[in-house]
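Undergrad: Sequence first, predicted model second:
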Amino acid sequence: MGTAKRRWIVEINMLTAARVIILKNNKILFIHRIKYGKEYYVLPGGAIEANETPEAAAVREIKEETNFEIKIDKLLWGSEEFVKSEKRYAYYFLAKSFTGKLKLGGPEIVRQAEDNQYIFEWLTISELDKLLVYPEGLKERIKEYFS
């Protein structure tokens, strides 16, 4: 994927993030969060650092969080979102191939505690219907894309 030809949206003072849909046997890797009594699901990924492309951030964040070396297949979409009342712009990538043994790493392993858990789960799209997925609208977007 040639990032030199792609025009990335970067707005000053807006947090930007890169998230990745990692596919394996028609399932998507999610992080099941159990945080202070609340349970929800998110895709792996994180903040884009200064002077980093969204694609490079996606690869780095996945390595940090999951220990996977991924190959980005393509950019699926970008969207404005609200996370904890904060406006963000997020890039969503698709990774169909990866190597490595799945294990938690990065800042998440340091924050892992009884009341702040990160649990990897491979989920089918139909399983998302009964789960709380953040950010809002993500599961509908995934179902729309993969239908």
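TA: Great, that's in hand.

Undergrad: From here on, just use CA atoms for contacts and neighbour counts.
TA: Fine.

Undergrad: buried ones in the longest helix that the chain contains?
TA: The helix that spans the most residues within the chain, counting by DSSP state H, is helix 54-66. The neighbour-count check on helix 54-66 (16 or more other C-alpha atoms under 10 Å) flags 54-55, 57-66 as buried.

Undergrad: Okay, now the unreliable bits of this structure?
TA: For the chain, the stretches flagged by pLDDT under 70 are 1-14.

Undergrad: Name the helix or strand for Glu39, please.
TA: Following DSSP states H and E, one finds Glu39 within strand 38-42.

Undergrad: which residues of the chain fall in strands?
TA: Using DSSP state E, the strands found in the chain span residues 15-24, 27-35, 38-42, 45-47, 69-83, 86-99, 116-123.

Undergrad: ok and the longest one relative to strand 86-99, angle-wise?
TA: An angle of 160 degrees separates the directions of strand 69-83 and strand 86-99 when computed by axes from the mean of the first three to the mean of the last three C-alpha atoms, to 10 degrees.
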